[in-house]
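>>> what follows is a predicted structure for the sequence shown.
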Amino acid sequence: MPDFQNRPGLGKHLWTIYALSIMLLLVIWYYQWILGLVMTLLLSVSFYLSVRTEQIKKNETERYITTLSHRVKKVGEEALLEMPIGIILFSDEYQIEWTNNYLNRFFPEEETLVKKSLNFISEDLIPAINENKSEVWVMLDGYAFETSINKEERLLYFFDRTEQAEIQERYENEKTVLAFIYLDNYDEVTQNLDDTTKSQLNTEVTSVLNNWAMKNGLYLKRTSQERFMAVGSIEILQQLEKDKFNILDTVREIHTDQNIPLTISIGLGVGSNSLPVLGELAQSSLDLALGRGGDQTAIKDDTGKVRFYGGKTNPMEKRTRVRARVISHALIGLVQASDKVIIMGHKSPDMDAIGAAIGILNIAELNGVDGFIVFDKDDVNDGLYRMMEAVKQDKELWNNFISPDEAEEIITRKSLIVVVDCNKPSMVADSRLLGKTEYKIVIDHHRRGEDFIENPTLVYMEPYASSTAELVTELLEYQPKGRKLKMIEATALLAGIIVDTKSFTLRTGSRTFDAASYLRSKGADTVLVQKFMKEDMDIFVKRSKLIERAEMYRNTIAISAAPDDMICDNVLIAQAADTLLTMNGVEAAFVISNRKDGKVGISARSLGEINVQIVMEKMNGGGHLTNAATQMEDTTIENAKQLLKDILDEYAEGRDEE
C-alpha cells in the first residue's frame with residue numbers, strides 16, 4: 001500500500017481517510033463499475049481541492065514567517081544601534097572595536113571612539129575587567145552609568161542610572177546629623193563675673209552660635225548654660241567640614257574680662273537613621289573632643305571612624321583638686337575590692353610611665369593590697385636604664401616588678417589593672433592582660449584617641465597635666481597616711497615630671513610645681529634625677545648626627561631622617577626633636593629613624609603653632625598638640641618621610657584656607 005500518511009501537503013488524518021476511500025472504491029469498482037467511476041471522479045475533485053487549500057495555507061504561512069523574520073532582524077538592528085543603552089565591543093588589548101550610536105552622544109561629534117583604549121572612557125573599566133567584576137559605575141559627561149561587563153564576549157553595556165544616583169545622593173545628603181556643643185571653660189571664665197557681665201557674655205555666645213547655625217541651615221537649641229544641641233544634615237556637615245569648623249575660631253575671639261579665650265568642643269554623630277544611636281555617637285564624639293583637650297570638633301559615624309578639626313590651642317590648666325580627691329577616693333574603693341593590682345605603662349617605657357607605676361604601687365600597698373608592675377627587662381631604652389639600676393638597689397621595691405608572662409599567670413578576674421601614661425590598648429606593655437579582668441583603670445595625661453581601652457571602670461585623663469607622674473602624685477596626697485613614701489619612689493615620680501616637662505620648661509602649670517614640691521618634701525633627690533638623665537657619649541654623638549642631617553621644609557619645619565643603618569630608640573629621636581626645636585626659626589621638628597623592633601619611629605615636637613598631634617594621628621600615632629609620635633610598620637624611612645611631607649602639605653593648605 002502507498003505510504004499516504006507521509007505525503008506532504010495534507011494532514012496525517014486526511015491521508016488516512018483518502019486511503020480508506022480508495023480501498024472502498026476498489027470494492028465498488030469490483031461490483032458496480034459505473035458507480036465506482038462516479039465516486040472516483042468525486043474523490044479526485046475532493047482530493048484536488050484539499051491539496052490546493054493546504055498549499056495556499058502553506059504559502060501564506062511561509063510568507064508570514066518570511067515577513068516576521070525580516071521585521072525581527074530589522075528591529076534587532078535598530079535596537080542595537082538606537083536603543084538607550086550604550087554598547088561597546090573591545091579587543092583583547094582593551095581597545096574599542098565598535099560602539100552604538102547612543103554612547104557616541106556623550107562625546108564630541110568629531111571624536112571617534114574606535115581604536116581608543118577603554119581608559120579613554122574611564123580608568124576604572126580595565127581594572128574592573130581584570131578583577132572579574134560583573135559591573136562598575138562610571139561617569140560620562142556628568143551622567144552616571146552602571147556598566148555591565150561580559151568579559152568572555154568582550155562586551156560592555158552602559159545603563160544610564162543618573163536619576164537613581166541623584167536620588168541616592170539626595171537621600172544620603174539629607175540624612176540627619178546630631179551635634180552637641182559644649183563651652184569648655186565656661187565655669188572658669190564666668191566664676192568671677194557679676195550677673196550683668198555674665199548675662200552679656202551668654203548673650204554674645206548665643207548670638208554667635210545662632211548666627212553660625214542660621215547661616216549654615218542648622219537647628220540650634222541651648223539646653224543649659226554651657227551646652228547646646230544642633231540638628232542638621234550630611235550636606236550641611238560637608239559645608240562645615242569644608243570651612244574647617246571656623247566657628248571654633250569665632251568663639252575663641254569673643255572678648256572676656258579675664259582675657260581668657262572662651263573655647264567650645266563639638267561632638268557630632270552621623271551615618272545612622274536611628275536618633276538614639278546618633279545621640280550616642282554625638283556624646284561619644286564630644287567626650288573624645290573633651291578628652292583631647294577641647295577647642296575642637298570630633299565627628300563619629302556608625303562604623304566607629306572619627307574625624308577631628310581644630311585643636312589649635314594648647315589646653316589650659318583647669319582641673320580642680322576636688323576632682324583629684326574624688327578620683328583618689330574612688331581608686332581606694334576599687335583597690336580594696338580587688339585581690340591584687342596589676343600596673344603597666346606603655347611599651348618601651350619612659351621615666352614618666354615607670355614613676356607613675358611606682359606611685360600606683362605605693363597606693364596599692366597603702367590600702368593593704370599586693371601590687372605588681374609589669375616590666376619587660378628586654379624593652380628598656382638607654383634613658384631608663386640608670387633609673388632601673390637605682391630601683392634594683394631597693395630589693396623590696398624591685399620584687400614587685402614582674403614580667404608580662406608572670407603577670408598573666410597571677411592575674412584573676414578579681415584583679416585590678418591600672419594603665420598609666422597610655423590609653424591605647426595596642427601600646428600597653430601587654431595587651432593580653434586587658435581581657436583577663438573586668439576591672440580596669442586608665443590614668444593618663446595624653447589626649448584621648450580613637451583607639452581606646454575598652455570598658456574601663458575608671459578613667460582619669462587630664463591633657464592639661466604635665467605628666468602622668470604629676471596626676472599620680474596628686475592622688476597620693478589623698479591616700480591613707482600609714483606608709484611613708486620612700487626616697488627612690490619619690491625620686492622616680494619627680495623624674496617623670498622633670499623629663500616630660502623638659503626640666504619645667506614645657507606644659508608646666510602651677511599644679512606641676514605643687515606636685516614637685518610635695519615630692520621634694522617626701523625626700524625626692526634632684527641630684528639623683530640628674531644622674532638618671534645623664535647620657536653616654538655615643539648617645540650624644542648619635543643625637544648630633546641626627547641633628548646634622550636635619551633639613552628645613554616649608555621654611556619653619558625641621559625634618560631629620562636617620563641613615564638606614566642607624567637604629568635609634570624613641571628617647572633618642574625625641575631628644576633630637578627637642579634639640580631641633582630650640583634652633584632659631586624652627587616651629588616644628590620631626591625626627592625619623594629605624595627602631596630595633598623593625599618599625600620606623602617618628603618623634604614630633606612643636607612650639608604650638610603647628611599641631612603635631614593631628615599630623616601624627618594621620619600616621620596612626622598620637623600625643624599632644626606640641627608633643628607627639630608614631631611607629632610605622634612595613635615601610636622605609638624614605639617612604640615615611642615622603643608621607644610626612646604630604647601630610648604637612650595637606651595640613652598647611654587647610655590652615656591657608658582658614
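Received, thanks.
>>> and the strand or helix carrying residue 289, what does it pack onto?
Assigned by DSSP states H and E, residue 289 falls within helix 275-291. If you count contacts as 3 or more C-beta pairs under 8 Å, 6 or more residues apart in numbering; DSSP states H and E, helix 275-291 packs onto strand 176-183, strand 264-270, strand 296-301, strand 306-310. All C-beta spots, glycine's among them, are computed from the backbone N, C-alpha and C.
>>> got the angle between the first one and helix 275-291?
Using axes from the mean of the first three to the mean of the last three C-alpha atoms, to 10 degrees, the direction of strand 176-183 lies 30 degrees away from that of helix 275-291.
>>> do the shortest one as well
With the same axes, to 10 degrees as the criterion, the two stretches strand 306-310 and helix 275-291 enclose an angle of 50 degrees.
>>> show me which residues of strand 306-310 are buried.
Residues of strand 306-310 classed as buried: 306, 308, 309, 310 (neighbour count, 16 or more other C-beta atoms under 10 Å).
>>> chain center to the helix or strand following that strand: distance?
Later in the chain than strand 306-310, the nearest helix or strand by DSSP H and E is helix 321-336. Counting by C-alpha atoms, centre = their mean, to the nearest Å, helix 321-336 is centred 34 Å from the centre of its parent chain.
>>> again, but for stretch 497-514
33 Å.
>>> quick one: the strands in the stretch 51-200 of the chain?
86-90, 96-99, 135-140, 143-150, 155-160, 176-183 (DSSP state E, counting those that start in this stretch).
>>> picking up where we left off before, out of the helices and strands packed on helix 275-291, flag the one nearest residue 647.
Residue 647 sits nearest to strand 306-310 of all the helices and strands packed on helix 275-291, at 13.6 Å, using C-beta to C-beta.
>>> which helices and strands sit right next to the closest one?
Right, strand 306-310 is packed against helix 275-291, strand 296-301 by 3+ C-beta pairs under 8 Å, 6+ apart.
>>> about what we covered before: I'd like the strands of the stretch 51-200 of the chain as TSV, with mean neighbour count appended.
Listed next are the strands of the stretch 51-200 of the chain as TSV, based on neighbours: other C-beta atoms under 10 Å:
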stretch	mean neighbour count
strand 86-90	20
strand 96-99	16
strand 135-140	15
strand 143-150	18
strand 155-160	18
strand 176-183	22
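>>> out of these, which comes closest to residue 112?
strand 96-99 (9.1 Å).
>>> before we move on, the earlier item: can you list the helices and strands packed on helix 275-291 in JSON lines and add mean pLDDT and distance to residue 59?
Output for these, formatted as JSON lines (pLDDT from 0 to 100; distance: least, C-beta to C-beta, whole Å):
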{"stretch": "strand 176-183", "mean pLDDT": "93", "distance to residue 59": "72"}
{"stretch": "strand 264-270", "mean pLDDT": "92", "distance to residue 59": "73"}
{"stretch": "strand 296-301", "mean pLDDT": "88", "distance to residue 59": "73"}
{"stretch": "strand 306-310", "mean pLDDT": "82", "distance to residue 59": "78"}
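>>> got CSV for these, with distance to residue 519 too?
Listed next are those as CSV, based on distance: least, C-beta to C-beta, whole Å:
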stretch, distance to residue 519
strand 176-183, 34
strand 264-270, 33
strand 296-301, 33
strand 306-310, 35
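>>> off-centre distance for the helix holding residue 289?
The answer for helix 275-291 is 16 Å, by C-alpha atoms, centre = their mean.
>>> average pLDDT across that helix?
In this model, helix 275-291 has an average pLDDT of 85.
>>> still on that earlier bit, would TSV of the strands of the stretch 51-200 of the chain with distance to residue 475 be doable?
As requested, those are exported to TSV (distance: least, C-beta to C-beta, whole Å):
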stretch	distance to residue 475
strand 86-90	70
strand 96-99	72
strand 135-140	57
strand 143-150	59
strand 155-160	66
strand 176-183	26
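>>> can I get the CA coordinates of the helix or strand that contains residue 518 in CSV?
Element membership for residue 518 (DSSP H and E) is helix 510-521. The C-alpha coordinates for helix 510-521 follow below in CSV (Å, rounded to 0.1, in the frame of the first residue of the first chain):
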residue,chain,number,x,y,z
SER,A,510,51.1,75.8,88.9
ARG,A,511,49.9,72.3,89.9
THR,A,512,53.2,70.9,88.4
PHE,A,513,55.2,72.9,90.9
ASP,A,514,52.9,71.9,93.7
ALA,A,515,53.4,68.2,92.9
ALA,A,516,57.2,68.7,92.6
SER,A,517,57.2,70.5,96.0
TYR,A,518,55.2,67.6,97.6
LEU,A,519,57.7,65.0,96.2
ARG,A,520,60.7,67.1,97.4
SER,A,521,59.2,67.2,100.9
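>>> C-terminal to it, what's the next element?
Immediately after helix 510-521, counting by DSSP H and E, sits helix 526-532.
>>> buried set for that following helix?
Buried residues in helix 526-532 (16+ other C-beta under 10 Å): 528, 529, 532.
>>> which of those sits closest to residue 388?
Using C-beta to C-beta, residue 532 is the member of these that sits closest to residue 388, with 9.5 Å.
>>> so that closest one makes contact with residue 354?
No - in this structure residue 532 lies outside contact range of residue 354 using C-beta atoms under 8 Å: 10.3 Å.
>>> identify the contacts common to the two.
Residues touching both residue 532 and residue 354 (C-beta atoms under 8 Å, 6 or more residues apart in numbering): residue 387.
>>> show the model's pLDDT score for the residue nearest to the spatial centre of the chain.
Nearest to the mean C-alpha position of the chain, by C-alpha atoms, centre = their mean, lies residue 305 at 4.0 Å. At residue 305, the model reports a pLDDT of 79.
>>> which one among the buried residues of helix 526-532 sits at the bottom for pLDDT?
residue 532 (87).
>>> tell me how far the closest residue to that one other than its chain neighbours lies from residue 487.
Take residue 532 and drop its neighbours on the chain: the residue closest to it by C-beta to C-beta, 6 or more residues apart in numbering is residue 387, 4.5 Å away. Per C-beta to C-beta, to the nearest Å, residue 387 is found 13 Å from residue 487.
>>> comparing these two, which residue is more hemmed in?
Neighbours per residue (other C-beta atoms under 10 Å) separate residue 387 from residue 487, with residue 387 holding more: 25 against 15.
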